[in-house]
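> fold the following.
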Amino acid sequence: VMAVLLLQLNGVQNYLREQGEVYLQKKLHTKVRIGYLRARGWQYLELRNVYVADTANQALFYTGSLKVHYNLLSFISNELRIDKLEWDTLLVNVYRHEGDSSFNYQFAVDAFVSPDATPDTLTPETGTTLQFRLKDISLRKVKVSYADAPRGMNAVITWDSLHIDPDDLLVDDGIYAFRGIALNGLKGFFRQHYIPPVITSAAPPPPPADTNSAALHLLLKKLQISNSSFLYSDDGSGISSSWKIGGLLLRNSNLDQDSTRIQVGELAINNTTGLFMMVPGKDTVPAAPKDTAPSTWQVFATQVNLDRMNMRYDNGGPAPKAAGPDPDYNHLLLTGFSGKIQHIKYSPDSISVALRSLTAKDRSGFTIRKANMDVLFTPHTLALRNFLLQTNKSILRKQIIVTTPSWSGISSHLDQLGIDANLDSVHVALGEW
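Residues are numbered from 1 along each chain as shown. Presented below is the predicted three-dimensional model:
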């Protein structure tokens with residue numbers, strides 16, 4: 001009891017902080033600073049201004065403040081219990097320069113991990129694995145930088161605030177349930193430079209399949225992303241995409257790898273701008289044969305709301321035309337894109353959607369003023385029922401059903417195409433724009 005009481009004294013904790021600095025610097029052979037350390041019994045730990053340099057004297061890790069409310073006694077029942085975690089001002093800097101055989105953090109791994117050690121959370125006393133009980137996790141002012149020069153990969157991600165409220169984290173069963181995740185002020189990019197492949201006589205064998213890990217079961221009651229932007233580009237494929245998200249809200253959704261099923265309760269996206277661009281890629285090596293096993297994934301969504309979105313598509317084709325009068329399908333720019341979609345059902349061979357409303361305008365002037373319809377697409381049918389499409393000058397409504405023995409061969413057998421059109425009060429203008 002006396003030892004526990006002594007550990008609560010500021011002077012004792014300052015001594016432990018100083019000795020911790022000395023130990024880590026000797027162990028890592030690099031600069032380590034711990035500005036502040038306070039602990040209260042079995043329940044609370046606070047660290048401030050912790051800095052670790054790599055062997056090149058560059059910042060590897062820094063945190064301004066870390067506060068953890070925990071219960072160490074929970075280890076008796078094989079639980080890691082954290083009731084609250086607040087992490088402010090975090091920097092992680094990982095890199096590997098050209099010619100380096102390992103990343104800049106490898107020295108820390110080598111210092112603490114035995115080459116023969118195998119990670120295991122199994123508790124010998126009980127034969128059970130460690131269970132995670134985490135609540136109320138907040139990470140603010142975070143920056144993670146990753147650069148892998150030999151592989152041409154470069155990424156940086158920052159955010160203002162990330163709050164995670166886990167429900168159940170059952171690692172053995174692959175179950176990850178969250179009450180809520182809220183992300184604000186995300187900014188980041190991922191850039192994959194093209195690195196010509198090294199020609200070898202034979203391709204390396206594929207890694208063995210992991211048959212021990214549990215299938216993923218992800219349950220999410222609420223995901224909220226606001227004021228965020230991200231850029232992705234890949235020189236090899238020529239694909240790049242960037243998004244600026246004003247607000248994204250996802251509710252009551254889950255992913256089940258066992259049943260290959262994704263369920264979305266409600267998805268709402270607003271005040272968002274996106275770009276998708278395709279240019280000739282630098283990678284001209286033929287792609288490896290794809291897995292011919294049929295996909296069994298299914299996607300179901302109850303409600304999707306899109307509001308005030310702007311989207312640009314560029315496929316790298318001929319130079320863009322001057323604005324108007326005809327749409328340039330190689331270079332589209334849609335503004336004011338809004339829509340309400342319900343009862344989305346996707347399976348590998350069919351799609352059904354209830355489109356309740358849709359509005360959009362292309363830079364050519366072509367405008368969808370109003371659209372709603374029930375859409376069904378199968379290997380043999382395209383059906384538009386309860387159909388209304390109103391553009392600048394035209395109106396189409398009621399029902400169109402197109403049938404074919406096979407969509408893949410329709411271009412060579414137009415005589416097998418069947419069209420059942422039941423149209424009412426139709427007005428078609430040739431000079432749409």
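> low-confidence ranges in this protein?
Applying pLDDT under 70 to the chain picks out residues 1-9, 115-129, 199-213, 287-292, 320-325, 432-433.
> where do the helices sit along the chain?
Here the chain has its helices, by DSSP state H, at 2-6, 10-28, 106-112.
> chain center to the second one, what's the gap?
Put plainly, it is helix 10-28. 39 Å (C-alpha atoms, centre = their mean, to the nearest Å).
> got the buried residues for that helix?
Within helix 10-28, the residues scored as buried using 16 or more other C-beta atoms under 10 Å are 13, 21, 24, 28. In short, each C-beta sits where N, CA and C put it, glycine included.
> a markdown table please, covering these and showing distance to Lys244.
Formatted as a markdown table, the buried residues of helix 10-28 follow (distance: C-beta to C-beta, whole Å):
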| residue | distance to Lys244 |
| --- | --- |
| Gln13 | 45 |
| Glu21 | 43 |
| Leu24 | 41 |
| Leu28 | 40 |
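> can you name the two of those residues that are farthest apart?
Gln13 and Leu28 (21.9 Å; C-beta to C-beta).
> give me the beta-bridge partners of Ala360?
As for beta bridges, Ala360 partners with Ile368 under DSSP bridges.
> that one: neighbouring residues, count only.
Residues near Ala360, counting by other C-beta atoms under 10 Å, number 20.
> hang on, it packs against Leu332?
No. Applying C-beta atoms under 8 Å as the test, Ala360 and Leu332 come out as separate, 9.9 Å apart.
> where's the residue nearest to Glu46 when sequence neighbours are not counted relative to Gly20, distance?
Distances taken as C-beta to C-beta, 6 or more residues apart in numbering place Arg38 nearest to Glu46, at 4.5 Å, with adjacent residues excluded. For Arg38, the distance to Gly20 (C-beta to C-beta, to the nearest Å) stands at 13 Å.
> and Gly316, by the same measure?
For Gly316, the distance to Gly20 equals 55 Å [C-beta to C-beta].
> likewise Ser240?
Counting by C-beta to C-beta - Ser240 and Gly20 are separated by 45 Å.
> if the residue nearest the centre of the chain is in a bridge, with which residues?
Among the residues of the chain, the one closest to the centroid is Phe230, at 10.5 Å (C-alpha atoms, centre = their mean). Per DSSP bridges, the residues bridged to Phe230 are Gly188, Trp243.
> do Val144 as well
Going by DSSP bridges, Val144 forms beta bridges with Val92, Ile157.
> could you measure from it over to Val156?
In terms of C-beta to C-beta, Val144 sits 7 Å off from Val156.
> which residue comes closest to Asp326 once chain neighbours are left out?
Closest residue to Asp326 apart from its sequence neighbours, by C-beta to C-beta, 6+ apart: Ser364 at 6.0 Å.
> with Leu255 instead?
Using C-beta to C-beta, 6+ apart, the closest residue to Leu255 is Leu218 (4.4 Å).
> quick check: bridge partners of the one you found?
Tyr176, Leu255.
> count of neighbours near Leu332?
Leu332 has 19 nearby residues by other C-beta under 10 Å.
> same question, His97
12.
> now do the strands in the stretch 251-400 of the chain.
261-278, 298-314, 331-347, 350-362, 367-368, 370-377, 381-390, 395-403 (DSSP state E, counting those that start in this stretch).
> picking up where we left off before, now the helices of the chain in TSV, with distance to Ser408?
Converted to TSV, the helices of the chain look like this (distance: least, C-beta to C-beta, whole Å):
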stretch	distance to Ser408
helix 2-6	74
helix 10-28	61
helix 106-112	51
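> of all those helices, which one is nearest Arg133?
That would be helix 2-6 among the helices of the chain, by C-beta to C-beta, at 23.7 Å.
> number of residues surrounding the nearest residue to Leu90 once chain neighbours are set aside?
Closest residue to Leu90 apart from its sequence neighbours, by C-beta to C-beta, 6+ apart: Val142 at 4.6 Å. Other residues lying near Val142 total 20 when counted by other C-beta under 10 Å.
> and Leu73, by the same measure?
By other C-beta under 10 Å, 12 other residues sit near Leu73.
> so what's Gln298 bridging to?
For Gln298, the beta-bridge partners under DSSP bridges are Arg261.
> wait, doesn't it sit right on Arg261?
Yes. Using C-beta under 8 Å, Gln298 and Arg261 qualify as a contacting pair, with a distance of 5.0 Å.
> ok, back up a step: show me what contacts the residue nearest to Leu255?
176-177, 254-255 (C-beta atoms under 8 Å, 6 or more residues apart in numbering).
> which pair in these spans the largest distance?
Farthest pair in the contacts of Leu218, by C-beta to C-beta: Ala177 and Leu255, 11.4 Å.
> so for those two, which sits in the more crowded spot?
Ranked by neighbour count (other C-beta under 10 Å), Ala177 and Leu255 place Leu255 first, with 18 against 15.
> from Asp424, how far out is Arg385?
Going from Arg385 to Asp424 by C-beta to C-beta gives 13 Å.
> more crowded one of the two?
Between Arg385 and Asp424, counted using other C-beta under 10 Å, the more crowded position is Arg385 (14 against 10).
> that one contacts Arg397, correct?
No. Using C-beta under 8 Å, Arg385 is not in contact with Arg397, being 11.1 Å away.
> near Pro294, how many other residues are there?
Residue neighbour count, defined by other C-beta under 10 Å, stands at 7 for Pro294.
> how much space separates it from Ile419?
Taking C-beta to C-beta, one finds Pro294 at 30 Å from Ile419.
> what's the answer for His217, then?
44 Å.
> and those two? which has more neighbours close in?
Neighbour tally, His217 and Ile419, criterion other C-beta under 10 Å: the higher count belongs to His217, 18 against 10.
> quick check: nearest residue in space to the more buried one, chain neighbours excluded?
Ile175 (4.6 Å).
> the residue nearest to Leu90 against Leu162, yeah?
Yes. Taking C-beta under 8 Å as the definition, Val142 is a contact partner of Leu162 at 7.0 Å.
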